[in-house]
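Q: quick one: sequence and predicted model below, then my questions.
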Amino acid sequence: MTTAPEPVGFTSPAPPPGCPAHAGGASLPRRIFGPEAENDQQQLYARLRAEHGTVAPVLVHGDVPAWLVLGHRENLDVMRTPSRFTCDSRVWNRQLAADSPLLPLTAWQPLLAFADGPEHARLRLAVTDSLDLFNRQSLRRYVTRYANQLVDQMAGRGRADLVEEFAEQLPMMVLTHHFGMSEEYGPKLVEAVRDMTRGSDTSVASNRFVVDTMSDLVARKRVQPGNDFTSWLIGHESGLSDDEIREHLRLTLVAGYEPTANLIANTLRMVLTDARFRGSLSGGQMTLPDALEQVLWDHPPIALLPTRWAIGDTELGGHAIRAGDMLLLGLEAGNVDPAIRPDLTASMHGNRSHLAFSAGPHGCPGQDIGRAIADTGVETLLGRLIDIRLAVPEDELRVVSAWISRRLHSLPVRFTPPRTPLPEQR
């Protein structure tokens, strides 16, 4: 077992205190999440693997040291062993600045994402029981209705940006409805959540807007409960406090929106640009769920999760991990681990062992809802825009790295304006 060697990077910062690679005379990590790294994430993973193996020392925003878990097996090891790697960020051996863009996703809150053991079980039960109350048939009807509304808004022009006008809008329309909120909240919440997960200088303020919005929602539903997710959390037998309800609403909103928006955008891109998908879908050899599964392998909607810390001194991937060190779950990196995918062009249809929704006790409890929104939304759009096609050359499409995810910046398309759907189709 070795302490961390000098990592691959692009610029050398001043030595930060508490660096996980400081022992034994090893060189300090360098910043790896700068513009050069973001332009080619796959190349970055390959360089880090060649230099360090399945776990690599890195620096994130503010030169904060962490370990990036690159291996598929190693990611599962971290996810499935809470006795070694906790979700409780209070054990972290770092103190962040008050304006750090890491805070919205790492600052401890009274919610299941930062709990283990019995407390995690109590909080997760409230969320899973409430999610189970979602009527799946009704959910798909609402997705279809909102998807048709969005198509109606763009249909007459014969052109659209499917990221801005569809993928970014549909999940929030569905979520706000099922939270018991009016549609007017949607656009501002879209902007705030996307800013939070980008890790921008304004992410703390955006997080505050989401928190305040959820606080107001809890107060309203205490007085006037309804048939919605918020009211179900309030009335759950676990007896959640208002703070716990607010934070779980925030968590569910962010975890439900960001991955689903990215999944819709990435699926539409692959359908429009990848001959395997276009040919198979039109020829009936591949279902849309098959296409979604391939996307979850190749372009998981969340690239990494900054949600684990070492409880004690331990070992992972041949490196000495110290108590309190932060580990970044590399979902995208683990999905392309050569140990499990030596041929990245091979079909992964029917194989759900990807890391897109995490695994173990903290596996995403609402993944089937996200799949349903993406599947139904994409199917509705493709069913109406029959001859949809890219409006720009494929090489002009740009992917933007945004802290925990990689987003398609835009997806310009052209199509023949469709007929207006009958009222009963909406």
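A: Right, received. Where do you want to start?
Q: which residue packs closest to L408, ignoring adjacent ones?
A: Leaving aside its chain neighbours, L408 sits nearest to A265 (4.5 Å; criterion: Cβ to Cβ, 6 or more residues apart in numbering). All C-beta spots, glycine's among them, are computed from the backbone N, C-alpha and C.
Q: may I see the buried residues of the strand or helix carrying the one you found?
A: Element membership for A265 (DSSP states H and E) is helix 242-273. Neighbour counts over helix 242-273 (16 or more other Cβ atoms under 10 Å) mark 244-272 as buried.
Q: again with stretch 200-208
A: Buried-residue list, stretch 200-208, by 16+ other Cβ under 10 Å: S200, S203, V204, S206, N207.
Q: wait, which of these is closest to L411?
A: Nearest to L411 among these is S200, at 22.1 Å by Cβ to Cβ.
Q: the residue lying closest to that closest one once chain neighbours are set aside: what secondary structure?
A: Distance criterion Cβ to Cβ, 6+ apart; nearest residue to S200, sequence neighbours excluded, is P101 at 6.3 Å. Under DSSP: H, G, I helix; E, B strand; the rest coil, the three-state class of P101 is coil.
Q: re earlier: take the buried residues of stretch 200-208 and keep only those in helices.
A: S203, V204, S206, N207 (DSSP state H).
Q: which of the helices or strands spans the nearest residue to Y45 once chain neighbours are set aside?
A: Closest residue in space to Y45, ignoring its immediate chain neighbours: A333 at 4.7 Å, by Cβ to Cβ, 6+ apart. According to DSSP H and E, A333 maps onto helix 331-335.
Q: following element in sequence after that helix, please.
A: Using DSSP H and E, the helix or strand that follows helix 331-335 towards the C-terminus is helix 367-384.
Q: for that following helix, packing partners?
A: Packing partners of helix 367-384 (3 or more Cβ pairs under 8 Å, 6 or more residues apart in numbering; DSSP states H and E): helix 136-155, helix 170-179, helix 242-273, helix 288-298.
Q: for the shortest one, what is the average pLDDT?
A: Averaged across helix 170-179, the pLDDT comes to 94.
Q: gap between the spatially most central residue of the chain and V400?
A: The structure's the chain has its C-alpha centroid closest to I302; by Cα atoms, centre = their mean the separation is 3.2 Å. Distance of I302 to V400, computed by Cβ to Cβ, to the nearest Å: 14 Å.
Q: also V60?
A: Distance check for V60 against V400: by Cβ to Cβ, it reads 17 Å.
Q: higher neighbour count, these two?
A: The neighbour comparison of V60 against V400 (other Cβ atoms under 10 Å) goes to V60, with 23 against 13.
Q: residues in contact with that one?
A: Counting by Cβ atoms under 8 Å, 6 or more residues apart in numbering, V60 makes contact with F33, A66, L102, P306, L328.
Q: tell me the contacts of L263?
A: By Cβ under 8 Å, 6+ apart, the contact set of L263 is L292, V295, L296, P301, G370, A374.
Q: hmm, the third one is touching S353, no?
A: No - counting by Cβ atoms under 8 Å, S353 is not a contact partner of L296; they are 10.5 Å apart.
Q: so between those two, which is more surrounded?
A: Higher neighbour count among L296 and S353: L296, with 26 against 11, using other Cβ under 10 Å.
Q: export whichever strand or helix holds R194 as CSV, just CAs?
A: Element membership of R194, judged by DSSP H and E, is helix 186-198. Presented in CSV, the C-alpha positions along helix 186-198 are these (Å, rounded to 0.1, in the frame of the first residue of the first chain):
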residue,chain,number,x,y,z
GLY,A,186,-40.8,26.4,-12.2
PRO,A,187,-38.6,28.8,-14.2
LYS,A,188,-36.9,30.3,-11.1
LEU,A,189,-36.3,26.9,-9.6
VAL,A,190,-34.8,25.6,-12.8
GLU,A,191,-32.3,28.5,-12.8
ALA,A,192,-31.5,28.1,-9.1
VAL,A,193,-31.0,24.3,-9.2
ARG,A,194,-28.8,24.4,-12.3
ASP,A,195,-26.7,27.2,-10.7
MET,A,196,-26.3,25.2,-7.4
THR,A,197,-25.1,22.1,-9.1
ARG,A,198,-22.7,24.0,-11.4
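Q: any regions of the stretch 151-300 of the chain where pLDDT drops low?
A: Residues of the stretch 151-300 of the chain that meet the criterion pLDDT under 70 lie in 199, 276-286.
Q: average pLDDT for the helix holding A333?
A: Helix 331-335 shows a mean pLDDT of 95.
Q: and the contacts of it?
A: The contact list for helix 331-335 (Cβ under 8 Å, 6+ apart) reads 41, 45, 68-72, 74-76, 297-300, 302-305, 341, 354-356, 358, 406.
Q: one more pass at 7 Å, please.
A: The contact list for helix 331-335 (Cβ atoms under 7 Å, 6 or more residues apart in numbering) reads 41, 45, 70-72, 75, 297, 300, 302-305, 354-356.
Q: measure the closest residue to L70 other than its chain neighbours to R322 for me?
A: Nearest residue to L70, sequence neighbours excluded (Cβ to Cβ, 6+ apart): A333, at 4.4 Å. According to Cβ to Cβ, A333 and R322 sit 22 Å apart.
Q: repeat that for V392.
A: Note on V392: its distance to R322, by Cβ to Cβ, is 48 Å.
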